[in-house]
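Colleague: Okay, sequence plus prediction incoming.
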Amino acid sequence: MTLIDLFEETHSSLTVNKVRTGLTMLGIVIGIGSVIAMISIGQGAQGTIEANIQSIGSNLLLVMPGAQRGAGVQVSAGRGSAQTLTQEDADAISKEVTDANAVAPEVSRRYQVTARGTNTNTQVVGTVAAYPSVRNIEIEEGSFVTDSNVRALSRVAVIGPTVLTDLFGEGANAIGQTIRINKVDFKIIGVTKAKGGSGFGSQDDMIFVPLSTAQRFLAGDTYVTTISVQAKDQESMPAIQQQINDLLLSRHNIIPPQTADFSILNQADIVATAASITNTFTILLGAIAGISLVVGGIGIMNMMLTTVTERTREIGLRKAIGAKRKDISTQFLAESVTLTFVGGVIGVLFGWGVSLLVAQFAGIATSISWSAVALAFGVSAGIGILFGYYPARRAAGLNPIEALRYE
Amino acid sequence: MIACKDITKVYINGDVETVVLKGVSFEIREGEFVAIMGPSGSGKSTLMHILGCLDAPTAGAYVLDGNNVANLSDDELADIRQGKIGFVFQSFNLLSRATVLRNVMLPLVYAGIPKHTRELHARKALEAAGLPEDRWTHLSNQLSGGQMQRVAIARALVNNPSIILADEPTGNLDTKTGEVVLGTFQELNHREHHTIILITHEPYVAEHADRIIHIQDGLILEDKKNHHKRTATGE
């Protein structure tokens, strides 16, 4: 039996009952399609989250007051109460940790902000001139807070595009205007560029003021809430983390490291944690979709068993005229693999379509990887063999005499 | 050339042993037209299965063209069936969704004959079986019973077998069509010298053969030349 014969036999037997073939295939189409769609959504989400984390800066270490917390979790309530980091700590880090590119302390809290009758509630960040380079912030117009602003306790503010829209309307020119934060007037000197995203609190919805001004007029103390440290490259991050840890432990006179009154978040850790979360998420989605694939496979097996029973006499005849066991089992296996393979092709297209629709209407970025497509094909062909094997064996094992007598 | 020597067949179903053939011996020479006749339960079907290499005897020797085929495996038997035996069944057993030509070519598919020569063989076989050419591209379920049986005969002929085994070939046909089919067998035997073994329970059908082997209760009751051979009427 040549391959062409096999193909012809398969084609003619699958087209006898087109509705049944179609419905059986539909099971595989849905199974493969949902696996593709789910994995693409999961991988897309992973990409979005990682891009969001990268957008807060690269090679970043965040030093925060209070005990060690889970990576990526910022608990606002703990921040005001744990006041252990000061401007001097930041200065010491920038002086002694030589591998650090830049150090930017900040004090941030939410305030009600008003301007000419409109008002909004937003995050006000008191910081220094190094902040934009550390946290990947770009200026759209005007300028950022300078070192002389910090020294002079200037009451100037740089606002994010969301704040601009909320207070002055979209695209308005806000430079030189005055806003009132916590009953203190600030003059706007710059607007930051929109970054989009919402991973760790949108950086578009923020107001930046000089650190000293924030401490004096808004917070009323000299503590800082976060010190951002940018490492010179990714390799030096663990060493820098260790140096900062040792430095702050000695500055705060703490001997057992477990009782540290600060914690250091490593951006790589955050990325790793987020990646592991999204990975789990993707696997979960894929596994749920995989269940429908197995159900589809059982549908194939069911159809093949029915076919074998229906065609018992035909199998008997084929054996009588010289078909060997292998000929019969190959034929039935070819039918089930064809079902799953064609179903797999349609399923990949279907899943692709679904993920495009999701990207279009739900706004989740999706990405189809070739590995997922290859996996889906492999799995569907494998399911064809797996669930076709038993019916094919059953057909091949039929006794020709009994098969010919079968009514 | 077929030689059966002391063939016995015992079926064991649980604790019950059923002896179906109790030592059957005969020879059939090339070009003979033999009818094996007996009532149902006589063992003629079992004998046909053994002659057709669908089943192996429990004891005894079955020599087909000089080879003892009594103790071969399933796949080896399949090889013998494919090369040496053509079957014609009572219920035709055609693939209903395939054309006449494809039905006839089916044995050649399993014999590994190249595609382009298959149709040539099939056309020759269909001609020999006497099916009008305008039917050859029809689906087999669009044919009448007599035509179907002729397609089945063509399928049996197509790989030029040593013997053609016909199991109640007229059982599903009316008398007139049955006559036509029997006539076809007589033609094939007379003109092309095919060895034909006809299995039937009807004496009337058996009388179309040159020799009648009468079986009863698993034994040969009578094995004689048929002196009153009927010539099939009909076409």
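Modeller: Received the coordinates, thanks. Numbering: from 1, shown residues only, chains lettered A, B, ... in the order given.

Colleague: Now stretch A:361-375: buried residues?
Modeller: Going by neighbour count (16 or more other CB atoms under 10 Å in any protein chain shown), the buried part of stretch A:361-375 is A:365-368, A:372-373, A:375. All C-beta atoms are positioned from the backbone trio N, CA, C, and that covers glycine.

Colleague: Kindly apply the preceding question to stretch A:186-195 instead.
Modeller: A:186, A:188-192, A:194-195.

Colleague: Flag the least confident of those.
Modeller: Within the set of those, pLDDT is lowest for residue A:195 (77).

Colleague: before we move on, back to that, out of the buried residues of stretch A:361-375, who's nearest chain B?
Modeller: Nearest to chain B out of the buried residues of stretch A:361-375 is residue A:373 (CB to the nearest CB; 34.6 Å).

Colleague: And for residue 138, nearest residue in space, chain neighbours not counted?
Modeller: In the absence of a named chain, chain A is used. residue A:193 (4.2 Å; CB to CB, 6 or more residues apart in numbering or on different chains).

Colleague: That was the other one, I meant chain B.
Modeller: residue B:100 is the one closest to residue B:138 (CB to CB, 6+ apart), at 5.7 Å.

Colleague: Quick check on the one you found: phi, psi?
Modeller: Reported as degrees, to the nearest 10, the phi and psi values for residue B:100 are phi -60, psi -50.

Colleague: Enumerate every residue touching it.
Modeller: Counting by CB atoms under 8 Å, 6 or more residues apart in numbering or on different chains, residue B:100 makes contact with B:126, B:131, B:135-140, B:143, B:151.

Colleague: Closest to chain A out of those?
Modeller: The closest of the contacts of residue B:100 to chain A turns out to be residue B:139 (CB to the nearest CB; 10.9 Å).

Colleague: picking that back up, mind putting the buried residues of stretch A:186-195 in CSV, secondary structure and distance to residue A:402 included?
Modeller: As requested, the buried residues of stretch A:186-195 are exported to CSV (DSSP: H, G, I helix; E, B strand; the rest coil; distance: CB to CB, whole Å):
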residue, secondary structure, distance to residue A:402
A:186, strand, 94
A:188, strand, 92
A:189, strand, 94
A:190, strand, 89
A:191, strand, 86
A:192, strand, 82
A:194, coil, 77
A:195, coil, 75
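
Colleague: and of the residues you listed, the nearest to residue A:278?
Modeller: Proximity of the buried residues of stretch A:186-195 to residue A:278 (CB to CB) peaks at residue A:195, which lies at 20.3 Å.

Colleague: surely that closest one meets residue A:162?
Modeller: No - the pair residue A:195 and residue A:162 fails to qualify as a contact (CB atoms under 8 Å) at a distance of 10.2 Å.

Colleague: mind listing what the nearest residue to residue B:50 once chain neighbours are set aside touches?
Modeller: In this structure, residue B:50 finds its nearest non-sequential neighbour in residue B:57, 5.2 Å apart by CB to CB, 6+ apart. By CB under 8 Å, 6+ apart, residue B:57 lies in contact with B:7-9, B:21, B:50, B:70.

Colleague: I'd like the secondary structure assignment at residue B:57, please.
Modeller: coil (DSSP: H, G, I helix; E, B strand; the rest coil).

Colleague: Got phi/psi on it?
Modeller: The phi/psi pair for residue B:57 (degrees, to the nearest 10) is phi -70, psi 150.

Colleague: again, but for residue B:90
Modeller: The phi/psi pair for residue B:90 (degrees, to the nearest 10) is phi -60, psi -40.

Colleague: what's the answer for residue A:139, then?
Modeller: Dihedral angles (degrees, to the nearest 10) for residue A:139: phi -100, psi 130.

Colleague: ok, it to residue A:228 distance?
Modeller: 18 Å (CB to CB, to the nearest Å).

Colleague: Quick check: longest helix in the chain by residues?
Modeller: This is for chain A. The longest helix of chain A (DSSP state H) is helix A:267-310.

Colleague: ah, I was thinking of chain B
Modeller: helix B:175-192.

Colleague: The residue in chain B positioned nearest to chain A: what secondary structure?
Modeller: Nearest to chain A, among the residues of chain B, is residue B:82, at 2.3 Å (CB to the nearest CB). Here residue B:82 takes the helix state, with states given by three-state DSSP.

Colleague: what's the neighbour count on the nearest residue to residue B:113 once chain neighbours are set aside?
Modeller: Nearest in space to residue B:113, with sequence neighbours left out and distances taken as CB to CB, 6+ apart, is residue B:121 at 7.0 Å. When counting by other CB atoms under 10 Å in any protein chain shown, one arrives at 20 neighbours for residue B:121.

Colleague: so what's residue B:121 scoring on pLDDT?
Modeller: pLDDT, read off for residue B:121, is 93.

Colleague: you'd agree it is up against residue B:108?
Modeller: Yes - the pair residue B:121 and residue B:108 passes the contact test of CB under 8 Å, sitting 6.1 Å apart.

Colleague: Between those two, which contacts overlap?
Modeller: B:158-159.

Colleague: Now for the residue lying closest to residue B:56 once chain neighbours are set aside, how many residues are close by?
Modeller: In space, residue B:56 comes closest to residue B:70 once its chain neighbours are excluded; the distance is 6.0 Å by CB to CB, 6+ apart. When neighbours are defined as other CB under 10 Å, residue B:70 has 19 of them.
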